[in-house]
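Trainee: show me the folded form of this:
(one chain, ligands or ions: 1)
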Amino acid sequence: MTPEFIYLDNAATTFPKPEGALEHMVELYKIKGVSPGRGGYDLAFEAEDIVFDVRSRLARLFNTPDPERVVFTSNATDSLNIALQGILKKDDHVVSTRLEHNSVLRPLYHLREKGHITYDLIDFDSSGCIDPDDISGAIKKNTKLVVINHVSNVLGAIQPIKEIGEICAKKGALLIVDAAQSAGIIPVNMADWNISAVAFTGHKSLLGPTGTGGLAVSPELEIEPVRFGGTGIDSESPVHNRIYPHRLEAGTVNMIGIIGLSEGLRYIETNGMESIHKKEMELLCRLRDGLSKLESVIDYCADDDENHAAVLTVNIRGIDPGDAGSILDADYGIAVRTGLHCAPHVHENIGTFPGGAVRFSIGPFNTAKHIDTAIEAMTEIDRFSRH
Ligand SMILES: Cc1ncc(COP(=O)(O)O)c(C=O)c1O
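Mentor: So this is what the prediction gives:
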């Protein structure tokens, strides 16, 4: 019998999406899917209202006052590029961390290679966390900003953003948060934590479709646009409009994707982030405790149940992580993510570079049965690895 497909790769993208969400998305797009804010007819205003409603709910989610400063992009990578390239100027210095995803590391590297900026990457401790004092110590006179992920996509550790925000405010540096792994599951509080901008993606814990994301910009920050084009207003001017959201949104937004994101948000608003996170963490602890009994399984930074998202990265001694992933898929129907997870420095630090590791990541629709099947599969692989 073909085993039931078990999806444990929710840190890559959540799958499935909430029941009925994609059907509602298509139904609404079928009747409202005109170009939002571009026409003078009622339907265009209605489409614009749908988009504005999603901006407003995201502004509320991130506790930032101005919905117009929630700009839509195609994903967190796009948002981080817009923020970093739009803020950083020649001779600026940046503080970031060795926890970062390539969506931060590569734009920084690109800007450094062009001779524009310098940066330092801070190390994390054995629980996968950054010490805010290390950030403080790395901030120099010309440090323009600190950019850090809120939750590591490899280790699941939640970073002390509030404390880092206090340091940035005191030292006059901007704070850009990569909330790709936290938006929708862990509170992000821009106003109270002194966050200058939050980059988020729509298709992970926000439960929307791929191709959606955004950048929430605080009222104190002005980002220079790096993309220019049509905004539907001021068409006579050769200059791209400076008013948010147009300032950072060039071209027509992903209307069907934004409707889908609205459906994802509806699930979160109805069920509550805290209870979704609690359920995921119960399953994560069940998985971690089950795997900890296996002799050849090593887990990484997985002890802290409190300060964690539902991500567990492991290796099996004697088995290449890529092979382990293929066995889990082919023999047990379990989808996990193997390799470096686009975060090479994390693997260098935990000693798993260049082969990487096996990442299990839990979503709102996983069940205890899924976890128990994964533990059984890993038990057999563990037995096999020792013979
Ligand atoms: C921490 C982190 N940042 C950024 C990204 C990039 O997200 P996207 O691929 O949606 O742009 C990811 C995706 O895995 C991530 O885990």
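Trainee: got the residues of the stretch 1-150 of the chain near the ligand?
Mentor: Asn75, Ala76, Thr77, His101, Ser103, Asn149 (C-beta under 6 Å from any ligand atom). Placement of C-beta: from N, CA and C, glycine included.
Trainee: closest one of those residues to Pro209?
Mentor: Asn75 (10.8 Å; C-beta to C-beta).
Trainee: next up, the contacts around that closest one.
Mentor: Neighbour list for Asn75: Thr201, Gly202, His203, Thr210, Gly211, Thr212, Gly213 [criterion: C-beta atoms under 8 Å, 6 or more residues apart in numbering].
Trainee: could you rerun that using 10 Å?
Mentor: 81, 103, 180, 199-204, 210-214 (C-beta atoms under 10 Å, 6 or more residues apart in numbering).
Trainee: hey, what's the residue of the stretch 201-350 of the chain found nearest the ligand bridged with?
Mentor: Scanning the stretch 201-350 of the chain for the residue nearest the ligand gives Thr201, at 3.4 Å (criterion: C-beta to the nearest ligand atom). Legend: beta-bridge partners of Thr201 under DSSP bridges are Gly213.
Trainee: helices of the chain, start to end?
Mentor: For the chain, applying DSSP state H gives helices covering 21-32, 42-61, 76-87, 102-113, 132-138, 161-171, 255-271, 273-292, 321-332, 344-350, 368-385.
Trainee: quick one, what contacts Ile327?
Mentor: If you count contacts by C-beta under 10 Å, 6+ apart, then Ile327 has Ile316, Ile319, Ile334, Ala377, Met378, Glu380, Ile381, Phe384 around it.
Trainee: without its sequence neighbours, what residue ends up closest to the fifth one?
Mentor: The one in question is Met378. Leu291 (5.7 Å; C-beta to C-beta, 6 or more residues apart in numbering).
Trainee: what score does the one you found have for pLDDT?
Mentor: At Leu291, the model reports a pLDDT of 97.
Trainee: against Lys204, how distant is it?
Mentor: Distance from Leu291 to Lys204, counting by C-beta to C-beta, to the nearest Å: 23 Å.
Trainee: neighbour-wise, which of those two wins?
Mentor: When Leu291 and Lys204 are compared for neighbours, Lys204 comes out ahead with 29 against 22, by other C-beta atoms under 10 Å.
Trainee: check contacts around His203.
Mentor: 12-15, 17, 75-76, 180, 209-213, 257, 260-261, 264.
Trainee: what is the neighbour count of the residue of the stretch 201-350 of the chain closest to the ligand?
Mentor: Thr201: 29 neighbours (other C-beta under 10 Å).
Trainee: look up how far Asn149 lies from it.
Mentor: From Thr201 to Asn149 the distance is 12 Å (C-beta to C-beta).
Trainee: need the overlap of contacts for these two.
Mentor: Ala76, Leu80, Ser103, Asp178, Ala179, Ala180, Gln181.
Trainee: of all those, which two lie farthest apart?
Mentor: Leu80 and Gln181 (13.1 Å).
Trainee: what do these two both touch?
Mentor: Joint contacts of Leu80 and Gln181 (C-beta under 10 Å, 6+ apart) are His101, Asn149, Thr201.
Trainee: show me the contacts for the residue lying closest to Ile375 once chain neighbours are set aside.
Mentor: Nearest non-adjacent residue to Ile375, counting by C-beta to C-beta, 6+ apart: Gly290, 3.6 Å away. With contact set as C-beta under 10 Å, 6+ apart, Gly290 has these partners: Val297, Ile371, Asp372, Ala374, Ile375, Glu376, Met378, Thr379.
Trainee: ok, 8 Å please
Mentor: Counting by C-beta under 8 Å, 6+ apart, Gly290 has contacts Ile371, Asp372, Ala374, Ile375, Met378.
Trainee: how about these in TSV, adding neighbour count and distance to the ligand?
Mentor: Listed next are the contacts of Gly290 as TSV, based on neighbours: other C-beta atoms under 10 Å; distance: C-beta to the nearest ligand atom, whole Å:
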residue	neighbour count	distance to the ligand
Ile371	24	22
Asp372	13	27
Ala374	25	21
Ile375	17	25
Met378	27	23
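Trainee: any low-confidence regions in this protein?
Mentor: Applying pLDDT under 70 to the chain flags the ranges 1-2.
Trainee: give me the neighbour count for Arg38.
Mentor: 15.
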